[in-house]
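> model this:
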Amino acid sequence: MGGSLSAPSPLIETWAEFAAGSCIILLRIFTRLKLVGFHGLKADDYLIIPAWFSYAGMTAMAHIVGYAQDNGNIPAALRATMSEEEKALRSLGSKCFMTGWYTYIGLIWSLKMNMLFFYKRVVNGLWVERFILPAQLIVGATGTSILLLLGLTCRPFHKLFQVYPDPGPLCTPQSLAFLIPILILNVTTDMMIMAIPLPVLAKMRVSLSRRIGIFILFGATIFIMIAACLRVYFVIALKTGPTAAIWSCREDLVAVFIGNAPIIRPLFSRKLWLGGYKNGSKPTGYQNGSSVELSGKFTTDRSNRRNSRSFYSRDMKTTNVDSDSMERIVDDGKDGDLPTMVIQVRKDVQVDEDVEDNASVGKKVWQQGYRDNFKHP
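As a prediction, the model looks like this:
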């Protein structure tokens, strides 16, 4: 969040971006219900609900801070001559600013965890899956540490809402003690999350349009990091609260888009509206030469040991037995498949025949046939 939003146009942009983000979240919920039904929802589908409440709270707090401002960046002479009404308004703005910090962390870190849960479904069975749980632990630990940072840096806590006398550099919502650590943890966790699917995406075989879409998503992730840096820059260097607040809202909107765009994509498939997706349906396997497609319960042994197969991992994953052991994401454009990325795992299979055993079996069969043909009636 930032400081003042005095002009009407920034306020309009703030609420317009919130409306757009809310529509994206609603489309995501509708898509998941259409695909898997209520009983097929997973952890990230429920996590998006508190994320939306955090989004709404942060936008409302940004609106209030826009006219109330906060207790930071006030010249000493002006601070000493402020009326009680002005002090009360600034104190209210500081309270809303701190509330905005908490809701901002709730939104951004919920979206990070949401993306990791989605990755877990998509890369289920691939070697990169081993990085999902450590990444979730890191995201959870960093989010908790930021909440502790916000609550324990200024002591006593109520000095964060004090206007006069000057509460000091640690007791203002725009304190560097908040801005710098949050920026570092935000950017590093974004880079970590973005790096998880890269080894698989590097070997993908997809159409040009799909490749462009993936690059757009990664470019938007980079935009989120740039927006976070710009927000801190405007607060520290330019001390311009309105611009900082706008960049914060832009960052949130793009984060909402990235976190939900892969889930919403099936909504734009004609098959979804024709009733082609059936929750729990399993595509039939087929064999083509040395290539065998396995789906549903006929996936890898590692997946068979897991009973918690989701709709996405069940119907999005294809395992081929073929040459050149490799793992990749491909575009499956065949009728009857989900309009999304399919993960293939290809492994070499070598079959050795025991010549001696085959010879023994053949000899026994020949002897039995000889006796049957020449035995007396």
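> where are the low-confidence patches of the stretch 201-350 of the chain?
The stretch 201-350 of the chain contains residues with pLDDT under 70 at 206, 240-244, 271-350.
> apply 90 and report the result again.
Flagging of the stretch 201-350 of the chain using pLDDT under 90 yields the residue ranges 201-252, 254-255, 257-350.
> the stretch 51-200 of the chain now?
In the stretch 51-200 of the chain (pLDDT under 90), the answer is 62-77, 80, 93, 115, 118-129, 165, 169, 173-175, 194-200.
> again, only using 70
Ranges of the stretch 51-200 of the chain meeting pLDDT under 70: none found.
> tally of neighbours for the closest residue to residue 169 other than its chain neighbours?
Nearest non-adjacent residue to residue 169, counting by C-beta to C-beta, 6 or more residues apart in numbering: residue 175, 6.0 Å away. The C-beta positions use only the backbone N, C-alpha and C, and glycine is treated the same way. Residues near residue 175, counting by other C-beta atoms under 10 Å, number 19.
> next: residue 66.
By other C-beta under 10 Å, neighbour count at residue 66 equals 23.
> what does residue 56 give?
Neighbours of residue 56 (other C-beta under 10 Å): 15.
> which residues touch stretch 15-24?
52, 55-56, 59, 63, 249-250, 252-253, 256-257, 260-261, 264 (C-beta atoms under 8 Å, 6 or more residues apart in numbering).
> same thing with stretch 170-185?
So stretch 170-185 is in contact with 1, 3, 70-73, 94, 97-98, 100-101, 105, 142, 145-146, 149-150, 153-154, 159-160, 162, 169, 228-229, 232, 235-236, 241, going by C-beta under 8 Å, 6+ apart.
> now, of those, which are buried?
Among the contacts of stretch 170-185, the ones that count as buried by 16 or more other C-beta atoms under 10 Å are 1, 3, 70-72, 94, 97-98, 100-101, 105, 142, 146, 149-150, 154, 159-160, 162, 228, 232, 235, 241.
> distance of residue 247 relative to residue 118?
Computed as C-beta to C-beta, to the nearest Å, the residue 247 to residue 118 distance reads 26 Å.
> re the thing from before, just the ones of the buried ones among the contacts of stretch 170-185 in strands?
Using DSSP state E, no member of the buried ones among the contacts of stretch 170-185 falls within strands.
> what's the neighbour count on residue 168?
11.
> verify the stated contact: it with residue 160.
No. At 10.2 Å, residue 168 does not count as touching residue 160 under the criterion of C-beta atoms under 8 Å.
> let me see the contact set for residue 98.
The contact partners of residue 98, by C-beta under 8 Å, 6+ apart, come to 150, 160, 161, 173.
> what is the most widely separated pair among the residues you listed?
The most widely separated members of the contacts of residue 98, counting by C-beta to C-beta, are 150 and 161 (13.4 Å).
> does residue 136 touch residue 115 like I think?
No. Judged on C-beta under 8 Å, residue 136 makes no contact with residue 115 at a distance of 10.2 Å.
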